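Participant: based on what follows, work out the 3D shape:
(chains A, B and C)
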Amino acid sequence: MNASSPLLQVRGVSKTLGGRAILHDVSITVDPGDLKVLIGPSGAGKSTFLQCINRLIAPDEGEILLNGMPIDGSSTAELCRLRQEVGMIFQDFNLFDHLTAEANVALALRKVRGLSSDNAGKRARKELERVGLASRAGLYPAQLSGGQKQRVAIARALAMEPKVLLLDEPTSALDPELVGEVLAVIRDLAAGGMPMIMATHQMDFARSLATEILFMEQGRIIEQGSPADLLATGANTRTRDFCSRLIASESGKAGA
Amino acid sequence: MDAFLHSLTTVFNALPYIAQGAFVTIVMVAGALSLGFLLGLPLAVAQVYAPRPVRMLVGLYVWFFRGVPVLLLLFLFYFGLFNVIGLDLGMIGSSCAVLGLASAAYQSQIFRGSIQSLPSGQFKAGRALGMTDMQCIRSVVLPQALRISIPAWSNEYSILLKDSAMCFALGTPEIMARTHFVASRTYEYLPLYIAAGCIYFLITLAGITLLRRLERRVRIPGCAAPDMTGDSAGGMQTGI
Amino acid sequence: MKRLLACLLGVALACSLSSAASAKTYVNGIDANYPPFSFVGEDGNPTGFDIEAMNWIAAKMGFEVKHQPMDWDGIIPALLAGKIDMVCSGMSISPERAAQVAFSDPYYTISKLIVVKDDSDMSAEQALNGKIRLGVQRGTNEHAYLEQMQQDRKLPFTLRPYDSPPMAIADLLNGRIDAAALDSAPVNNAIAMGRKIKSVGTFAPDDNFGVAIRKDDAELLKTVNEGYRQLKADPFWKELQDKYLSQK
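Facilitator: Coordinates of the predicted model:
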């Protein structure tokens, strides 16, 4: 392992789906302590890009390097290792519907890490406690609110002790009053130094916590920089333009 | 009144004999359902997740066994294939095997439908945690797909139970064959057929009741009962 | 799941063991819906004229015989496939069957009767030339014979095939057919059982019953022929006829 190489490096990822180019030559680098925020209109390729990083979608071109070592996409073992190191949170939570919150968190600990049921359960309860859901461990996904579900999903990802976390619009599917509890958990993670790449429309959150903002459109990163640079009053950037439209439409919705 | 009493006596005397046929029927159906399950589940998984050539092979299997009447299958296998390859399972064994092979085709389609009705996100979430595809299928997809399958599966049970009557073509002494034998001797066709009907009905009822109980026991808490409308179940699954 | 599999294997094993019990056992495939020649008795075991005759022959000739009820439609395929070794169950010797299997010497001659309800005044002649519904046992000699006759002479009756003679007789009594064309033995048996039917004449030449055996099984054929020769010389032959085939 090379001490100077970045934690996670994604180089030149392209993807074509059904004859349509979704991603063109997209790259990103994550170092310890980074919180990189992806923004951009829907259909820009943010979600596809995130899923290319842990190879849930196999990119047509480009490579993914973990601690400077390239990942061989044709090896199941390498893929499983990559996905343990790079956790993922989905917009729709994707909890396992037939398992309790605790079992949701414990499943991969048993199957992937090979922990005993007892140890996996203990570990799962600890992770749930970390996201404030110790008392909900025995409930099934259908018995939880959206915010609670997303917190269980975060606990599930954290249990695998990932080095990097990918978050794909983690609050988009939530009722507005539930967004806060999930963002609070993510904020704690950021404060703890967990490196993250997060696609989101929560601009206040991005502004205050992002180490870098990447603006995506039509499968390309067209602007990137610190929040201060991209969102400064008077800055003539696509990012700022997009954000002001986003805020306008949000307040428009609120007014209606 | 005399004739009625005579019929009743005939049926009563024949009951132990026919009941032995019920035992044969139950063994046969249980065997065929188990074989159909053990074979149908991998077939369903293969039809959803395997590469195209394998999917086509499974499709061919399903097409054949659903397209050919059970009676014909019994003849084809018992007198044909099993004989050619020198496989002697006996009558009950062969009946089990043929009914099981046919049931596998039907069961695979039940399971396939259930697997495909599940939201794909959970599979993705499993993969994202570092689980292999097989682990995702075993621990995430199948436990849910099997739960959804129970109502359709109990349907398959009752159909198979009645199909089993055709196994008399091989000489399998099940309920219908025995009823027929007694009727040929005594000429009490109607009362005996009514009695046989009652036995089939009881076996169906017992099986369906057991499966209902199973369905209730494995129901996922918080989810609507599976006999609710499709879109409320879908809403539950995506959790929105 | 493992337990179910074990169960299944157990059943299969038990079946294969029971069918391969001992080398000198011959399996006789029978139509158990053909009283009085072969049917299932009140104790649930196969019995009848043919069954008792073959049991006697087996005892005399020194082999074991097991009587296996089969579907009549599948009985020749079962014989050819080696699932059974013989058919001694009121099987008529016909050229079509003789092309596939060997037959023993004829052991019984049976006439082909037109049967009507006993209060009917229909004659055999009327039955064959009238526009009536005529019952017959499916897949038998008489079935083939009547179809041929109908085709050759453009006869107006409608053939109604039944699984077994008793079913045809039951439907005759129900009035769903007007007459039935059947072997004399099951008819006599039904009359002896008190069914209100009567025979009004024949419709075809007499048939001979023989035991069907695979063509390559010359040894068994010889044994069975010798067995019948001895049986016919024995008083038991007369006893059997009195027991099962007498017309009361």
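Participant: near chain C, which residues of chain B?
Facilitator: Contact residues, chain B versus chain C (Cβ under 8 Å from any Cβ of the partner chain): B:13, B:16-17, B:20, B:27, B:30-31, B:34-35, B:37-38, B:75, B:78-79, B:83, B:88-94, B:96-97, B:168-171, B:173, B:177-178, B:180-185, B:187, B:189. (Glycine included, C-beta is placed from N, CA and C.)
Participant: can I get the buried part of the residues you listed as one ChimeraX selection?
Facilitator: The following ChimeraX line selects those of these that are buried, judged by 16 or more other Cβ atoms under 10 Å in any protein chain shown:
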select /B:17,27,30,31,34,35,37,38,75,78,79,83,89,90,91,92,93,94,96,97,168,169,170,171,173,177,178,180,181,182,183,184,185,187,189
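Participant: neighbours around B:P221, how many?
Facilitator: Around B:P221 there are 12 other residues, counting by other Cβ atoms under 10 Å in any protein chain shown.
Participant: quick check: pLDDT value at it.
Facilitator: On the pLDDT scale, B:P221 is placed at 91.
Participant: any idea how far A:L178 is from the nearest residue to it once chain neighbours are set aside?
Facilitator: Distance criterion Cβ to Cβ, 6 or more residues apart in numbering or on different chains; nearest residue to B:P221, sequence neighbours excluded, is A:Y140 at 4.8 Å. With distances taken as Cβ to Cβ, to the nearest Å, A:Y140 is found 18 Å from A:L178.
Participant: would you put the C-alpha positions of stretch B:210-217 in CSV?
Facilitator: Below are the C-alpha coordinates for stretch B:210-217, written out as CSV (Å, rounded to 0.1, in the frame of the first residue of the first chain):
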residue,chain,number,x,y,z
LEU,B,210,-52.0,-26.3,7.0
LEU,B,211,-50.7,-23.9,4.3
ARG,B,212,-53.0,-21.1,5.5
ARG,B,213,-51.5,-21.6,9.0
LEU,B,214,-48.0,-21.5,7.5
GLU,B,215,-48.8,-18.4,5.6
ARG,B,216,-50.0,-16.7,8.8
ARG,B,217,-47.1,-17.8,10.8
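Participant: among the residues of chain B next to chain C, which are in strands?
Facilitator: Secondary structure assignment by DSSP state E places none of those in strands.
Participant: just give the number of residues close to the residue in the stretch 101-250 of chain A that chain B sits nearest to.
Facilitator: Across the stretch 101-250 of chain A, no residue is closer to chain B than A:A142, which sits at 3.1 Å (Cβ to the nearest Cβ). Residue neighbour count, defined by other Cβ under 10 Å, stands at 18 for A:A142.
Participant: where is the longest strand in chain C?
Facilitator: Assigned via DSSP E, chain C shows its longest strand as strand C:197-209.
Participant: smallest gap between chain B and chain A, at which residue?
Facilitator: Counting by Cβ to the nearest Cβ, chain B gets nearest chain A through B:G222, at 3.1 Å.
Participant: which residues does that residue contact?
Facilitator: Shown here is B:G222, whose contacts under the criterion Cβ atoms under 8 Å, 6 or more residues apart in numbering or on different chains are A:L139, A:Y140, A:P141, A:A142, A:Q143, B:M236.
Participant: swap in C:M122?
Facilitator: Applying Cβ under 8 Å, 6+ apart to C:M122 gives the contacts C:V116, C:G130, C:I132, C:D178, C:A179, C:V200.
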